[in-house]
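*Asks:* how does the following fold in three dimensions:
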Amino acid sequence: MKFKIILSFLAIILTMNLSYASFPVVKAKTTSAEVVTNIDTEDNETYYSPAAKAAQKSQGVALLLWFFLGGLAGHRWYLGSPVGWNILFILTLGGLGVWAIIDLIGIISGSYEPKNGSYKSSFF
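*Replies:* The predicted structure follows:
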């Protein structure tokens, strides 16, 4: 009993230490031709963190999830599809396979993009 309590306490402490990890926020200057301003020169600045940039979704991972966990809508959960559509996908067995094939073609062609952003430049 004491051993379980000690392990639980240790797990909580390790989790807390990892959850407070810090990282620098990198300032990147981008210029956009679509932005029209009345001011003579104004730089558009975008802030991003290395963790957010690394969180981009991979097309290869989505394809592997479609192959191995397609029946459970693994690729759809990974790419951020709405929960209701994912549950419907599971209940209808991928639209009797039609919806699953459409998802496969979309992942391979790159037209089925993640909810927040686009795929990484590399396949995996």
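*Asks:* element containing the closest residue to residue 124 other than its chain neighbours, please.
*Replies:* Counting by CB to CB, 6 or more residues apart in numbering, residue 60 is the residue found nearest to residue 124 once chain neighbours are left out, at 3.9 Å. For the C-beta atoms, the positions are set from N, CA and C on the backbone; glycine is no exception. If you go by DSSP states H and E, residue 60 is part of helix 59-69.
*Asks:* that older thread, from memory the residue nearest to residue 124 sits against residue 119, does it?
*Replies:* No: counting by CB atoms under 8 Å, residue 60 does not reach residue 119; the two are 9.0 Å apart.
*Asks:* still on that earlier bit, list the buried residues for the helix holding residue 60?
*Replies:* Using 16 or more other CB atoms under 10 Å as the test for burial, helix 59-69 gives 59, 61-66.
*Asks:* name the helices or strands packed onto that helix?
*Replies:* helix 74-79, helix 98-109 (3 or more CB pairs under 8 Å, 6 or more residues apart in numbering; DSSP states H and E).
*Asks:* okay, the ones you listed in a markdown table with mean pLDDT and mean neighbour count next?
*Replies:* Conversion of those to a markdown table gives the following (pLDDT from 0 to 100; neighbours: other CB atoms under 10 Å):
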| stretch | mean pLDDT | mean neighbour count |
| --- | --- | --- |
| helix 74-79 | 93 | 21 |
| helix 98-109 | 94 | 15 |
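*Asks:* for those, give me TSV that also has distance to residue 9.
*Replies:* Putting the helices and strands packed on helix 59-69 into TSV (distance: least, CB to CB, whole Å) gives the following:
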stretch	distance to residue 9
helix 74-79	32
helix 98-109	43
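*Asks:* quick check: which of those helices is nearest to residue 88?
*Replies:* Ranking these by their distance to residue 88 (criterion: CB to CB) puts helix 98-109 first, at 8.9 Å.
*Asks:* what does the closest one contact?
*Replies:* Contacts made with helix 98-109 from outside it, assessed by CB atoms under 8 Å, 6 or more residues apart in numbering, are listed as 59, 62-63, 66, 70, 75-76, 89, 92, 94-95, 112.
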